[in-house]
Every structure is written in C-alpha cells, then in structure tokens.
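[1] my questions are about this predicted structure, shown below with the sequence.
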Amino acid sequence: MTLVQLRYAIEIAEAGSISAAAARLFVAQPSLSKAISELEHEMGIQIFERSRRGVEVTEEGTRFLSYARQVVEQAELLESHYLGDTSGVRRVFGVSAQHYAFVVNAFAELVREYGQDRYEFSLREGTTFGTIEDVRLQRSELGVLFRNSFNREVITNALRDADLRFCPLFEAKEHAFLAKGHPLAGRTSVRLEDLAPYPRLSYDQGMKNSFFFSEEPYPTEAVDKAIVVTDRATLFNLLIGLDGYTISSGILSADLNGTDIVAVPLEPAGTMEIGYISQVHRPLSALAKSYLDHLESYVRRYFSNSDI
C-alpha cells in the first residue's frame, strides 16, 4: 500500500468515476484501475462497486477511505513541516447543506481565516438526500440539515443506514419568511391560516421527494398555491415578487440576502433542531472543527441580537 494508491482512491470517490479521476490526476485510466485493483487485493476488501454509470463506494470502502484520508492529511502535514515548503500543499474541505444563509456565512469566515494561497474548498446547497449522500460518499466532510418531531425518525434512520451521525448545533422556533412589503410583514406573529391565501414556496427534493425529506416544516399541509424552486436566490426573489412565504428557522443574513426579507414568528411555533452530520468512523479534521466554530459563533451572535 502506498500514499499514491490512497490518493488515487480518494480522488475516485470524490470524482464518482475512474475516468473522471484519471483526467483530474493526469493518469492513464488503465494505470489508475490497476493501482486500485492492487490496493483492493492487498487490503482484502472491495473499495468500489463498478458499473457503466461510474463507481460507488462500498460500505467497507467508506470505512477504509476514512482512514486513508487521515493518513494522506498527516503525510501532507509532515511534508509541509519538515520539507519547509508549503506551496505544494492543497487543503481540501467540503460542506453540503440544505438552504441556510448561516451555513454560507460560516463558510466565508472559514475561507478568510484560512488565508492560504492553495486550497480547494466546496460548498454545496442541495436536497436533503443529496446532503446525506455527499457526506456518505465523502464528497463533503460535513452536512447541515434539520430535524423536528415530524421527520426525526425517518432522518435518524436514513443517517444510521448511511453510517452517519447527527450532532445538534442549536434549536430555533419556526418563522415565516416574508417580503418586507408583504401585507403580513408587520405582524408580531402569523398563523398558517393567515398565510393560506399566499403562494407557499419550497425547495425541490428531486428524485427523493418524500415529505420527510422536505426542508420546510408542515409539508403535508394542503395549500391552494404552491411553487417549488431549486435555489435560495430564486426563492427569495419570488417571496418579493409574488408576496409568497416559506417556513424556516428565522435566521436571516443581511450580508447575503439584503434587508428585503423579514422573519415573522409562527404561532403556534414548532421547533427546528439544526445540526451537522458526519461519518461515524471518521474523526473531524481541523478544518471541519474550525468551520463548526465559525457556524456556532455566527448563530450565537445572531441570537444575541434578536428575539428569536
């Protein structure tokens, strides 16, 4: 087993196919396939399942790659410390999440703090299932999503099946996001029946469009007007343009979203438990811990300056 083989395996897992990984690594595809086959034979495990659509990491492969990443990261630290040249060290870190502005704020703070010339960071906003899959397949080290009384059992089971853990970060009361000029924006609270005449906006969950994977509370609540979108910018634009609404945590970011959206408490309000997910068998990297520190710090500052 060599560091080169470990780096190859990690790159294949991130690329999703041997051909894509070969292009990234500037290595001939047959040579890459042979290196991985030899690694699997030496370790006595199957790291990848091959198909015409690409490769998928096996359950045993997921555990193996968790250790492989630690070995490669430690080797890079040794090289940078003892060779005295950090120019060739590229730090890699990824976060996947449901659509939350505070996730982006913390990510920006991490990048500013890191302040190095070479790094490859990724931030993916997407579906609930996609967030879970990104962490399971190690495309991202961390995922951020929510649980509540409605989806808790299904989300918990999905994470257990993926060999992931959920670690709570904070709890927030449900709020309606409305345009500043919305007829209900000036109220101290709103009820679901107050919102019924207006379009409800929600995020598309793709192929795994289960009520339990919805990013918004009350997905089974019947409404006459419903609009599904894929990104946060579109949702906020439609909140303003159509006097629509969505239900979320109430945490807004003026830096990212301006001041045209307001959060009005829902009455009666349920609780959203926001947390991060990570692999059970993989200790958090220094970058992951730093990111979580920034995320928790941002949320604390927000709560201290609001009445949520």
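    Now that the structure is in, tell me what you want to look at.
[2] average pLDDT for whichever strand or helix holds Gln70?
    Element membership of Gln70, judged by DSSP states H and E, is helix 59-82. Mean per-residue pLDDT for helix 59-82: 79.
[3] CA atoms only: put the helix or strand that it is followed by into PDB for me.
    Heading C-terminal from helix 59-82, the first helix or strand you meet, by DSSP H and E, is strand 91-97. Presented in PDB, the C-alpha positions along strand 91-97 are these (Å, rounded to 0.1, in the frame of the first residue of the first chain):
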ATOM      1  CA  ARG A  91      -6.000  21.700   1.800                       C
ATOM      2  CA  VAL A  92      -9.400  20.200   0.800                       C
ATOM      3  CA  PHE A  93     -12.600  20.600   2.700                       C
ATOM      4  CA  GLY A  94     -16.300  20.400   1.800                       C
ATOM      5  CA  VAL A  95     -19.700  21.200   3.300                       C
ATOM      6  CA  SER A  96     -23.100  20.200   2.000                       C
ATOM      7  CA  ALA A  97     -26.300  21.600   3.400                       C
END
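[4] show me what counts as buried in the helix holding Gln70.
    For helix 59-82, burial by neighbour count (16 or more other Cβ atoms under 10 Å) applies to Gly61, Thr62, Arg63, Phe64, Leu65, Ser66, Ala68, Arg69, Val72, Glu76. C-beta coordinates here come from the backbone N, C-alpha and C atoms, glycine included.
[5] what's it packed up against?
    If contacts are counted by 3 or more Cβ pairs under 8 Å, 6 or more residues apart in numbering; DSSP states H and E, helix 59-82 sits against helix 3-15.
[6] ok, residues contacting the helix it packs on?
    18, 21, 24-25, 27, 32, 35-36, 38-39, 47-48, 55, 57, 61, 64-65, 68-69, 71-72, 75, 137-139 (Cβ atoms under 8 Å, 6 or more residues apart in numbering).
[7] can you rerun that using 7 Å?
    With contact meaning Cβ atoms under 7 Å, 6 or more residues apart in numbering, helix 3-15 is reached by 18, 21, 24-25, 32, 35-36, 39, 47-48, 55, 57, 65, 68-69, 71-72, 75, 137-139.
[8] circling back to that earlier point, mind listing residues that contact the helix holding Gln70?
    Around helix 59-82, the neighbours that count as contacts under Cβ under 7 Å, 6+ apart are 3, 6-7, 9-10, 13, 43, 45-48, 57, 86, 89, 136, 138, 163, 279, 281-282, 285.
[9] switch the cut-off to 8 Å
    Residues outside helix 59-82 that contact it (Cβ under 8 Å, 6+ apart) are 3, 6-7, 9-10, 13, 43, 45-48, 57, 86, 88-89, 136-138, 163, 279, 281-283, 285.
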